[in-house]
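J.: I need the structure of the sequence given here:
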Amino acid sequence: MAIISHLDEVLRQRGITSRQLCQQIGITEANLSILRSGKAKGIRFGTINRICYYLQCDVGDILKFDGNLNEEDCNE
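T.: Below you'll find the predicted structure:
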């Protein structure tokens, strides 16, 4: 995947568990796990907004572009 999730690092820096984040932003632990693992195919802007608001971070703190084009994603 060309987009890398750094959510685990931000959670660690903030001393917040994924369970706490799920409770604050209103998503399931299973969905957050998919995002944290980098296996998510998409994420709603509203979810990103709630994550950034609760963690007091920027989108670029949790999601990074690795500089590569993921050809799989271009065919969808």
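
J.: list the residues that contact residue 62.
T.: Taking CB atoms under 8 Å, 6 or more residues apart in numbering, we find residue 62 in contact with 5-7, 10, 48, 51-52, 55. Every residue, glycine included, has its C-beta placed from N, CA and C.

J.: please repeat the previous calculation with a cut-off of 6 Å.
T.: Shown in contact with residue 62 (CB atoms under 6 Å, 6 or more residues apart in numbering): 6-7, 10.

J.: among those residues, which are in helices?
T.: Secondary-structure check on those using DSSP state H: residues within helices are 7, 10.

J.: of the contacts of residue 62 - the most surrounded one?
T.: When neighbours are counted by other CB atoms under 10 Å, residue 7 leads the contacts of residue 62 with 21 neighbours.

J.: didn't that one look like it was pressed against residue 37?
T.: No: in this structure residue 7 lies outside contact range of residue 37 using CB atoms under 6 Å: 9.6 Å.

J.: if we can go back for a sec, for the contacts of residue 62, which one is nearest residue 41?
T.: Here the nearest of the contacts of residue 62 to residue 41, counting by CB to CB, is residue 7; it sits at 15.9 Å.

J.: any idea of the pLDDT on the closest one?
T.: According to the model's per-residue confidence, residue 7 sits at a pLDDT of 95.

J.: please apply the same query to residue 37.
T.: pLDDT, the model's per-residue confidence, is 90 for residue 37.

J.: strands of this protein, start to end?
T.: Defined through DSSP state E, the strands belonging to the chain, from first to last, are 3-5, 63-65.

J.: partners of the first one, with directions?
T.: Just to be clear, that refers to strand 3-5. strand 63-65 (antiparallel) (DSSP bridges).

J.: pull the distance from the strand it pairs with to the chain's centre.
T.: With CA atoms, centre = their mean, to the nearest Å as the basis, strand 63-65 stands 9 Å off its chain's centre.
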